[in-house]
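Peer 1: What would the 3D arrangement of this be:
(one chain, ligands or ions: 1)
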Amino acid sequence: MNTRIKWKQGLLLLSFLGIITNAISVETHNKNEYPLGFYADDALPNQTVYLTFDDGPSDWTDEILDTLHENNIKATFFICANWQPKSKTNRNSFIKYQETLERMIAEGNVLGNHTKNHYNLSNLSSVNIEKQLDENQQLLKDALGLKAPQMTLIRTPFGQPWMSETPPEVKIKVANAIKSRGLVMMWSRHFNSNDSKNWVKGEWYEKGKHIDVDEKEFKRKMLEIYNRLINRSNGKGMVILFHDTHLTTVKILPEIIQTLKIKGYHFATLEEYVQWRWRMDSKNLIMLSNPDKVSKKNK
Ligand SMILES: [Zn+2]
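Peer 2: Here you go, the predicted model:
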């Protein structure tokens, strides 16, 4: 009986490994430089939008959550505990926005690791890259206790080292530090909303007095974000990069969602993407693709 169960488990493991090997074998990237994950040109299911929000939480995150909730949409948030210059967070956004984070989780959104300080990881040592991820995770646990999820999806700050011509050894360094901690999740080529560029006067992480949403500059930026994304949506799947740190994003998001819905898109989280592509959740995928780390931990 026992042998039979073991045999069955072995077969199950083999079929999981087969899925991983298949997924890796169709990759065009060198897997030493590109750990498992989603990169700019990877295939996505048609008519599917993955909304992602980086750099929060901030004063604007709750309004983004309102919009998602009203539309019955779940998104993926790549969060940072301590990204200066958030002056009033006392260097810990997770404490300041504890309720926002709890709501994010309760409403079914996925939390991903965007590192603690938002440094360009290309410039850090392996140990410091690991610290940036582990400390961010620990601060989430400190703030939320048992409610804190293990953040198994990672988006590196500025998308580096994979967003520019970086020497292979730098990519390998970052890849090795990351791969047992999470899956790399970039955004689709041409689907950076650019909301973090061309800042409008008064836009900041914290609510200020200076923002006039009727101002010409503010409207220009909203239209720019809208057009950039909508004009390029052609029925193919897309991972959109937003930042929940800008009022322009808050204000234009409902219209973007509305238009995409009319165009027949549906919305999903990047955890759902992982299940679509690898037929298992991110936690199991990381464990199975890093057998050395797992067996070391068990020893
Ligand atoms: Zn960022």
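
Peer 1: Give me the distance between the residue lying closest to Asn30 once chain neighbours are set aside and Asn32.
Peer 2: Closest residue in space to Asn30, ignoring its immediate chain neighbours: Pro168 at 7.5 Å, by C-beta to C-beta, 6 or more residues apart in numbering. All C-beta spots, glycine's among them, are computed from the backbone N, C-alpha and C. Relative to Asn32, Pro168 is positioned 8 Å away (C-beta to C-beta, to the nearest Å).

Peer 1: swap in His69?
Peer 2: Note on His69: its distance to Asn32, by C-beta to C-beta, is 41 Å.

Peer 1: can you check Asn136 too?
Peer 2: Applying C-beta to C-beta, the value for Asn136 to Asn32 is 25 Å.

Peer 1: same check, this time on Arg181
Peer 2: Using C-beta to C-beta, one obtains 17 Å as the distance from Arg181 to Asn32.

Peer 1: And those two? Which one has more around it.
Peer 2: Taking Arg181 and Asn32 together and counting by other C-beta atoms under 10 Å, Arg181 has the greater number of neighbours (20 against 13).

Peer 1: In contact with that one, which residues are there?
Peer 2: With C-beta atoms under 8 Å, 6 or more residues apart in numbering as the criterion, the residues that contact Arg181 are 113, 130, 133-134, 152, 154, 286.

Peer 1: So which of those residues is surrounded by the most neighbours?
Peer 2: For these, the largest number of neighbours (other C-beta under 10 Å) sits with Asn113, at 26 neighbours.

Peer 1: Give me the nearest residue to that residue, chain neighbours excluded.
Peer 2: If you skip the residues right next to it in sequence, Asn113 has Met151 as its closest partner in space, 3.9 Å away by C-beta to C-beta, 6+ apart.

Peer 1: in what helix or strand does the most centrally placed residue in the chain lie?
Peer 2: Here the mean C-alpha position of the chain is nearest to the C-alpha of Phe78 (C-alpha atoms, centre = their mean), at a distance of 4.3 Å. With elements taken from DSSP states H and E, the one containing Phe78 is strand 76-79.

Peer 1: pLDDT averaged over that strand, what's the number?
Peer 2: Along strand 76-79, the predicted confidence averages to a pLDDT of 98.

Peer 1: Need the contact partners of that strand.
Peer 2: Looking at strand 76-79 with C-beta under 8 Å, 6+ apart, the contacting residues turn out to be 50-57, 61, 93-94, 101, 104, 109-114, 136, 140, 151, 153-155, 185, 244, 269-271.

Peer 1: ok, and of these, which contact the ion?
Peer 2: When the contacts of strand 76-79 are filtered against the ion using C-beta under 5 Å from the ion, the residues retained are 54-55.
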